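Participant: Can you look at this prediction? I've put the sequence above it.
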Protein chains: 4
Amino acid sequence: MAGSTFGNQFKITTWGESHGKAVGVVIDGCPAGLALTESDIQYYLNLRKPGQSRYTTPRKEEDAVEIMSGIFEGRTTGTPISLIVYNKNARSSDYSDIARYYRPGHADYTFDAKYGFRDYRGGGRSSARETIGRVAAGAVAMKLLEACGVKICAYSKAIGPVSINPAHFNAEDIFNNPVYMPDMQAAAEAEAFIAAQMEKQDSCGGIIECRIQGMPAGIGDPVFEKLNANLAKAICSIGAVKGFEIGDGFSAARSQGSVNNDAFTTDTAGHITKATNHAGGILGGMSDSSEIIFRAAIKPTPSISRTQHTVTREGEPIDIQIKGRHDPIIVPRAVVVVQSMAALVLIDALMQNMTARVDYLRDFYKN
Amino acid sequence: MAGSTFGNQFKITTWGESHGKAVGVVIDGCPAGLALTESDIQYYLNLRKPGQSRYTTPRKEEDAVEIMSGIFEGRTTGTPISLIVYNKNARSSDYSDIARYYRPGHADYTFDAKYGFRDYRGGGRSSARETIGRVAAGAVAMKLLEACGVKICAYSKAIGPVSINPAHFNAEDIFNNPVYMPDMQAAAEAEAFIAAQMEKQDSCGGIIECRIQGMPAGIGDPVFEKLNANLAKAICSIGAVKGFEIGDGFSAARSQGSVNNDAFTTDTAGHITKATNHAGGILGGMSDSSEIIFRAAIKPTPSISRTQHTVTREGEPIDIQIKGRHDPIIVPRAVVVVQSMAALVLIDALMQNMTARVDYLRDFYKN
Amino acid sequence: MAGSTFGNQFKITTWGESHGKAVGVVIDGCPAGLALTESDIQYYLNLRKPGQSRYTTPRKEEDAVEIMSGIFEGRTTGTPISLIVYNKNARSSDYSDIARYYRPGHADYTFDAKYGFRDYRGGGRSSARETIGRVAAGAVAMKLLEACGVKICAYSKAIGPVSINPAHFNAEDIFNNPVYMPDMQAAAEAEAFIAAQMEKQDSCGGIIECRIQGMPAGIGDPVFEKLNANLAKAICSIGAVKGFEIGDGFSAARSQGSVNNDAFTTDTAGHITKATNHAGGILGGMSDSSEIIFRAAIKPTPSISRTQHTVTREGEPIDIQIKGRHDPIIVPRAVVVVQSMAALVLIDALMQNMTARVDYLRDFYKN
Amino acid sequence: MAGSTFGNQFKITTWGESHGKAVGVVIDGCPAGLALTESDIQYYLNLRKPGQSRYTTPRKEEDAVEIMSGIFEGRTTGTPISLIVYNKNARSSDYSDIARYYRPGHADYTFDAKYGFRDYRGGGRSSARETIGRVAAGAVAMKLLEACGVKICAYSKAIGPVSINPAHFNAEDIFNNPVYMPDMQAAAEAEAFIAAQMEKQDSCGGIIECRIQGMPAGIGDPVFEKLNANLAKAICSIGAVKGFEIGDGFSAARSQGSVNNDAFTTDTAGHITKATNHAGGILGGMSDSSEIIFRAAIKPTPSISRTQHTVTREGEPIDIQIKGRHDPIIVPRAVVVVQSMAALVLIDALMQNMTARVDYLRDFYKN
């Protein structure tokens, strides 16, 4: 299946393997006239770049993005924007063993089952490097969202058993600590927890939370293209995500209607709003103008250096120790990926919404 | 946006409102030659039909499906299958109040915000009756899955605080109790819990679990069309779903790599399999031949007869009491909807997988 | 393949066979707020209805359309519009022979080759009745185009060797003669020509022309979604169409650049326009604000009552005489189908164009 | 709109402008296991490369393709194949004038109308260099078609008034003359005709014909995804194409049913076939196992050095002489583009056909 394309009006197609020449993305459908430079995109790529702290793989990659098309005199032209990031520090020799066996928790086996063979170097297409295209495209989406008055903020909410304290929440702190938590104290505890896992040659997971402000009401669609459904797909398409919830999420399953229902009211400006936000900003698949809030559960990094049991391609049992350079935790580097995927969903929904009423067409075509 | 179409190779388009003439679905891309009768479909529709127990709305609907096209001499012809269910017991007068105000927890406000007005009768397109088309199409998908050796089983795992006891699990009991639990004892407790909510004019939620057996390895795609991502979208597009998780889901976020990784091994027949199944049957977005297991969090029914605060369309505060006929819990009737949406995703993925290798093309075209 | 869906933002899905219960269409993505009644749609269906003249099949069908969903208080709600036309005069007995052999010029053989069997009654899904859904959806598109200031006019340009005389062109005459020509004199000659074919138990073809006025410049897209490419697909998807050309079309292949190029100039209002229109109103895949003009070549009706040679399903030679009720010419009844398909392409392109510039987003979301 | 993606199962996305850094294409959905090298692709790119004869622009471009992803150990992996061709001989200074005015017959005006501004250097995205991505992807499709037993042959059928003589047809001669005609004598006449246009600072057009052999019966779909409809879109999406016809095409409009109908018969091997092929190999939108034959009308090159009248961006009249390096005829270089677009349509249809019957699923999944 052609599974590397995402979006409808704002459509992206990513390509590239961990140890191939490069990874990249083509963005098609970006409106014309948006000011865009490589540094706009580089800012976000740097947030997911490896080698930033002791909790990420020591593989050194500049991850420098190059704009290949779609920009003229500093602005988008409406034609496809092709972005490339060359792989510079690929050390394929690290991965020669992987060709022979199936790493637990990885896609080695399923790739072979589907395609008959695989590019095993560094996980090939199932490597986290695949997310570079998502983040590069997400950066463009973020600029468009800004033009629409929408802001997205994502962060680590929990790492292993360490959760942020809502009372300490400070969005400005997110990128002031290596675990991307909006709570410096929790961040310090999380660092200690990660360090302990590293000592044990183990890894850990966590929860990423994402908040979206400024979405007007009515964005998204009833039935299959619900805004939350598209967010769910976008987020669950990120490699290590095992769960998605919006608003009160799984807690809502234990609540009562009398508690979970959010009463409508009006704000000081007289606009209709909700007194509470158990729903997480979406009702019936469409934004309700409250903050949209969702969470993603991230599994522990499957690559651990501890000895593991598995089988070879031929089904022979084997004990392995995974070499190479790996993150002890995926969560921090995935924060910007979650934000990027959310941005892609939101801009597409905002664009599609512009034809929701015949009056919008009349106004646009002045008739 | 055209948001009522779902799927690629096996594509469905649903239509219809709660109090319109009928609801229906067009299935396009169904392979030719499948034996199919109205009773094949009716079986599943009956599982979601209202009025089946004291825990569902007393609205009486036969929900009798009629095949309008696509079948000839008892078999699918490969052309679109149009299915219709007439609305027979629509009592629009019950809903005349709703036109004026916004019910908490419902899509009234967001529909108005998007489209400028809404068909308020019975919730219009955001009514649970919209799921009839999903279930009818899902029934056809179930028959195709059977031809591929795949089985799906869904049930209520929890209702409010009452969870099934894995030790009592008996799939054959699922439809032997009105709450569709595979554990008669838990079912009895759940019934008591629901009854208590009804006494309080309140409602409750729960968790639906779905298990899929017989999926060969390699179904689904890397990157955006991961099998779990498409399941997440499918499930989160169901009205009351607030969360989705696969395998260990949110628990995985607190686990370690050494625990969460599933060791590969071989079964007695020598086939590669996994010793455990924390992953829930999907690795890297593709099925790994283990059982696929996922859960959906369902919110409490928003329609409760207790007095609630809200605003009118003009933003004036108002106290309302919702009349009409409503379920005190959505979970049981949503079980077959969850199963249907899973079936739609699986058959589409199985069909798309048939072109994954050039050898498949060579074999098919005998060249 | 799911091949019965057309369009992106304005998306239609047709269903139904010639001798099934009904034919229909679901329109998804229609903007909300459009005034729409059954008679708006019936007007166009009546133009393609059989039994209107001695040059169409005497099969009597009212082709009365019924709106099943998507309209509330006389206006579109933004949700899917389901339209049904029941087949009332299906005489399947006429077709019992067809089950055994392959009619020349028909899809009998290719349906069997693809699907293994076919609904042979009246041609099943390959019957001209399939176009009812297109025309019903086209009627809705026509109303939306009106809201955008766009007008479409289609007519028979040639029937066999009889062409309209441009000097006699009168759009108001189109539906004043049974062959739908904008030239009463040519129409009379065409009628005589058709009558002569009928005497010989033969059939004839012709050319349909379509003119579109009021399209603003810039509609359509570069590369694959060129407005002319989508028109070509739309028109060539109509059963009997064998060719499509825009502007000077095949004549342009014999022209010179110095002749074929249309000089830009300004009109009396100072707007940029073209001095000539060899291009047919589209440059680089986008409308250039001149009249869009294209033509479709329609083959002779394949069903003729004259004896023909063919083979049975088993490949045995057989001489056949096709019974049943058939048009001696397809052209007149296809005029409204061509117009409808053009309308579907245009409204989709107009809707998609509303996100072409970032300033459009800024204006819409007032930011 | 996201208009640079083409295809469903075999999906391509092109990007790049004439004078940007590079042009490229991402192929998504290519089956795994296909042997593929850069030289497989280069062969086709060389057929459209400029500077090959005195009848093409003297712009010298190597058009060397580089595979960036999707190949491992010489075979496709099933993941996206990214192909890049760098622009090496871009002389943007030639085009500085174009910024100010609208060239007749070009997309300058419509790009400005749609997007508000344009990358005017060498026509930007509307340059013929855009077709490099189509041809590179088409080369991969050609290899897949070979695996399915399908062959495509395209050539110049007519250049201006000079047509090939069917009696002289020799497919092996096609690339033995600079105008790509399968008739050396006609080619010589065509060369003389082109030379005469060049003397007059003028340009000419022509007709490309394409023949496809080996397509099994039943490929393509009824209704909107007819094989001929998709071919029409594919071909009409090529810049200079003004018309498309299949089989007898526009001539069929003047024919009779008794002539135009192709009688079914059996070949010496007992397979069902047609005695004639007026239909051009497709009936009811599906291949009928006869040769598929279609034609495209190509307009004269709009860039001529003769003085032309036009307007500036501000609407002021101006006389221009187009500088730069231009082909006096588009036809020969477009031959491989037509072939490539046909290949893309065919492979997609062949892939989609593999799920047409439930028995195919049963066989594949051995159930």
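Facilitator: Cool, the structure landed. Everything numeric here is computed off the predicted structure, so don't read it as measured data.
Participant: ok, which stretches of the stretch 201-350 of chain A are strands?
Facilitator: A:206-213, A:241-246, A:264-266, A:272-274, A:282-283, A:286-287, A:292-298, A:308-311, A:317-320 (DSSP state E, counting those that start in this stretch).
Participant: for the closest residue in space to A:Ile84 that isn't next to it in sequence, what are its contacts?
Facilitator: Closest residue to A:Ile84 apart from its sequence neighbours, by Cβ to Cβ, 6 or more residues apart in numbering or on different chains: A:Gly24 at 4.3 Å. To be clear about C-beta, it is placed using only N, CA and C from the backbone, and glycine gets the same treatment. By Cβ atoms under 8 Å, 6 or more residues apart in numbering or on different chains, the contact set of A:Gly24 is A:14-16, A:82-85, A:132-133, A:136, D:68-69, D:82.
Participant: Mind checking which of the residues you listed land in helices?
Facilitator: Using DSSP state H, A:132-133, A:136 are the members of these that sit in helices.
Participant: any idea which of the residues you listed is closest to chain D?
Facilitator: Relative to chain D, the closest of the ones in helices among the contacts of A:Gly24 is A:Gly133; by Cβ to the nearest Cβ it sits at 9.7 Å.
Participant: measure that closest one to C:Ile67 for me?
Facilitator: 45 Å (Cβ to Cβ, to the nearest Å).
Participant: Likewise for A:Tyr120?
Facilitator: 57 Å.
Participant: Likewise for A:Lys233?
Facilitator: In terms of Cβ to Cβ, A:Lys233 sits 33 Å off from C:Ile67.
Participant: more crowded one of the two?
Facilitator: A:Lys233 (26 against 19; other Cβ atoms under 10 Å in any protein chain shown).
Participant: B:Ala229 is in contact with the more buried one, correct?
Facilitator: Yes - the pair A:Lys233 and B:Ala229 passes the contact test of Cβ atoms under 8 Å, sitting 4.8 Å apart.
Participant: Tell me which of the strands of the stretch 201-350 of chain A lies nearest to chain C.
Facilitator: Among the strands of the stretch 201-350 of chain A, strand A:286-287 sits nearest to chain C (Cβ to the nearest Cβ), with 10.7 Å.
Participant: Pairing partners for the closest one, with directions?
Facilitator: As defined by DSSP bridges, the strand partners of strand A:286-287 come to strand A:282-283 (antiparallel).
Participant: Report the rounded mean pLDDT for the strand it pairs with.
Facilitator: Averaged over strand A:282-283, pLDDT sits at 98.
Participant: Would you map the helices across the stretch 251-367 of chain A?
Facilitator: Counting by DSSP state H, counting those that start in this stretch, one finds helices in the stretch 251-367 of chain A at the ranges A:257-260, A:331-353, A:358-364.
Participant: For the first one, which outside residues touch it?
Facilitator: When contacts are taken as Cβ under 8 Å, 6+ apart, the neighbours of helix A:257-260 outside the stretch itself are A:248, A:252, A:278, B:105, B:200, B:202-205, B:299-304, B:306, B:308.
Participant: Now A:Met1. Nearest residue, chain neighbours left out?
Facilitator: In space, A:Met1 is closest to B:Gln352, 4.0 Å off (Cβ to Cβ, 6+ apart).
Participant: Distance check, A:Ile207 against A:Gln213.
Facilitator: Taking Cβ to Cβ, one finds A:Ile207 at 20 Å from A:Gln213.
Participant: Could you check which residue of the stretch 201-350 of chain A lies nearest chain B?
Facilitator: A:Gly284 (2.3 Å).
Participant: residues contacting the closest residue to that residue other than its chain neighbours?
Facilitator: Excluding the flanking residues, the one nearest A:Gly284 by Cβ to Cβ, 6+ apart is B:Ala107, at 2.3 Å. By Cβ under 8 Å, 6+ apart, the contact list for B:Ala107 reads A:222, A:283-286, B:123, B:126.
Participant: filter those residues to the buried ones?
Facilitator: A:222, A:283-286, B:123, B:126 (16 or more other Cβ atoms under 10 Å in any protein chain shown).
Participant: Farthest-apart pair in those residues, please.
Facilitator: Greatest spatial distance in the buried ones among the contacts of B:Ala107: A:Met286 and B:Gly123, 13.7 Å, computed using Cβ to Cβ.
Participant: which SS class is A:Tyr43?
Facilitator: Secondary structure assignment for A:Tyr43 (DSSP: H, G, I helix; E, B strand; the rest coil): helix.
Participant: burial of it, as a residue count?
Facilitator: There are 12 residues near A:Tyr43, going by other Cβ under 10 Å.
Participant: For the residue nearest to it when sequence neighbours are not counted, give me phi and psi.
Facilitator: Closest residue to A:Tyr43 in three dimensions, ignoring its sequence neighbours and counting by Cβ to Cβ, 6+ apart: A:Ala139, at 7.0 Å. With angles defined as degrees, to the nearest 10, A:Ala139 sits at phi -60, psi -40.
Participant: Could I get the average pLDDT for stretch A:123-132?
Facilitator: 93.
Participant: Is that stretch positioned near chain B?
Facilitator: Yes - interface with chain B: stretch A:123-132 contributes A:125-126, A:130 (Cβ under 8 Å from any Cβ of the partner chain).
Participant: Show me what the residue nearest to A:Ile84 bridges to in the sheet.
Facilitator: Beta-bridge pairing of A:Gly24 under DSSP bridges involves A:Trp15, A:Ile84.
Participant: now it: how far from D:Ile219?
Facilitator: Relative to D:Ile219, and taking Cβ to Cβ, A:Gly24 is found at 33 Å.
Participant: What of A:Ile293?
Facilitator: Taking Cβ to Cβ, one finds A:Ile293 at 49 Å from D:Ile219.
Participant: Neighbour count: the two, which is higher?
Facilitator: D:Ile219 (28 against 21).
Participant: if you count what's nearby, which of A:Ile207 and A:Gln213 comes out ahead?
Facilitator: A:Ile207 (21 against 14).
Participant: hang on, isn't that one packed against A:Ala154?
Facilitator: No - using Cβ under 8 Å, A:Ile207 makes no contact with A:Ala154, being 11.2 Å away.
Participant: Near chain C, which residues of the stretch 201-350 of chain A are found?
Facilitator: Counting by Cβ under 8 Å from any Cβ, the stretch 201-350 of chain A sits next to chain C at A:216, A:222, A:350.
Participant: Run through chain A and note the low-pLDDT ranges.
Facilitator: Applying pLDDT under 70 to chain A flags residues A:57-59, A:90-95, A:324-325, A:367.
Participant: Quick check: phi and psi on A:Glu291?
Facilitator: phi -60, psi 130.
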